[in-house]
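Q: When you get a sec, could you give me coordinates for this:
(2 chains)
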Amino acid sequence: DGGITQSPKYLFRKEGQNVTLSCEQNLNHDAMYWYRQDPGQGLRLIYYSQIVNDFQKGDIAEGYSVSREKKESFPLTVTSAQKNPTAFYLCASSMLGVGTEAFFGQGTRLTVV
Amino acid sequence: ELKVEQNPLFLSMQEGKNYTIYCNYSTTSDRLYWYRQDPGKSLESLFVLLSNGAVKQEGRLMASLDTKARLSTLHITAAVHDLSATYFCAVDIRGGSEKLVFGKGTKLTVNP
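A: Model prediction:
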């Protein structure tokens, strides 16, 4: 089945740790995105990538890093510089071009302990 | 900077009633998307609207787009409890950046 797989579903981070969230898609989509969602809030764009080995900062990139070494993979690292990382993280992918809707993974809920 | 505003942010309605959710955006775009999110779940694509005057319907939901007014509406007809969810609109930024900007969402509760 084609789709987007995020792992893990739940993740706990200690203060000062870096953690990496996985996102894999087998839809052959060019573009991939990471969003953060806080309770009662909309989605805010962290990073996005339209092509392998290239990515752009979104609205809230500070404290996060990404890589795009393969078309199907777009991992997100939450670094210790991110002071308030507890949130629901959603990965999405889409084709480029007009009318190409984004498809979302099931999300990773990150909690700082 | 593109801003996307939804209203209302919270909507409580009775089964059988009709209501409309509004999505306003601040810059030119002719690509707008509606998504549904159930609590703790991912986003499910509902509608893709790609031109001025576009109208799409699925069951009790109908979405429309007026690019001149920079306004999209999501109309709910004869609401049922299963429609309870949070609904997001998202606007596609043109000019090569190819990214979505989301509204804050409308939390819909349909009461028996």
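Q: Okay, now the sheet partners of the helix or strand of chain B with the lowest mean pLDDT, with direction.
A: Least confident helix or strand of chain B, by mean pLDDT, DSSP states H and E, is strand B:100-102 with a mean of 87. Taking DSSP bridges as the criterion, strand B:100-102 sits next to strand B:85-92 (antiparallel) in its sheet.
Q: Rounded mean pLDDT for the partner strand, please.
A: In this model, strand B:85-92 has an average pLDDT of 93.
Q: Same question for stretch A:58-72.
A: 96.
Q: How far off centre is it?
A: 7 Å (Cα atoms, centre = their mean, to the nearest Å).
Q: That stretch near chain B at all?
A: Yes: for a cut-off given as Cβ under 8 Å from any Cβ of the partner chain, stretch A:58-72 has contacts with chain B, namely A:Gly58. Any C-beta I mention is one placed from the backbone N, CA and C, and that applies to glycine too.
Q: end-to-end on that stretch?
A: Taking Cα to Cα, to the nearest Å, stretch A:58-72 runs 20 Å from one end to the other.
Q: List of residues touching it?
A: A:24-26, A:28, A:30, A:32-34, A:36, A:44-49, A:51-55, A:74-79, A:81-83, A:85, B:99 (Cβ atoms under 8 Å, 6 or more residues apart in numbering or on different chains).
Q: circling back: relative to strand B:85-92, how tilted is the helix or strand following the least confident helix or strand of chain B?
A: Moving toward the C-terminus from strand B:100-102, the next helix or strand (DSSP states H and E) is strand B:106-111. Between strand B:106-111 and strand B:85-92, the angle comes out at 150 degrees (axes from the mean of the first three to the mean of the last three Cα atoms, to 10 degrees).
Q: Quick check: buried residues in strand B:106-111?
A: B:Thr106, B:Lys107, B:Leu108, B:Val110 (16 or more other Cβ atoms under 10 Å in any protein chain shown).
Q: partners of it, with directions?
A: Note on strand B:106-111: by DSSP bridges, its sheet partners are strand B:10-14 (parallel), strand B:85-92 (antiparallel).
Q: Please convert those to CSV, extending it with distance to B:Leu65 and mean neighbour count.
A: CSV is the format used below for the strands paired with strand B:106-111 (distance: least, Cβ to Cβ, whole Å; neighbours: other Cβ atoms under 10 Å in any protein chain shown):
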stretch, distance to B:Leu65, mean neighbour count
strand B:10-14, 20, 14
strand B:85-92, 10, 24
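Q: With that, I have no additional questions.
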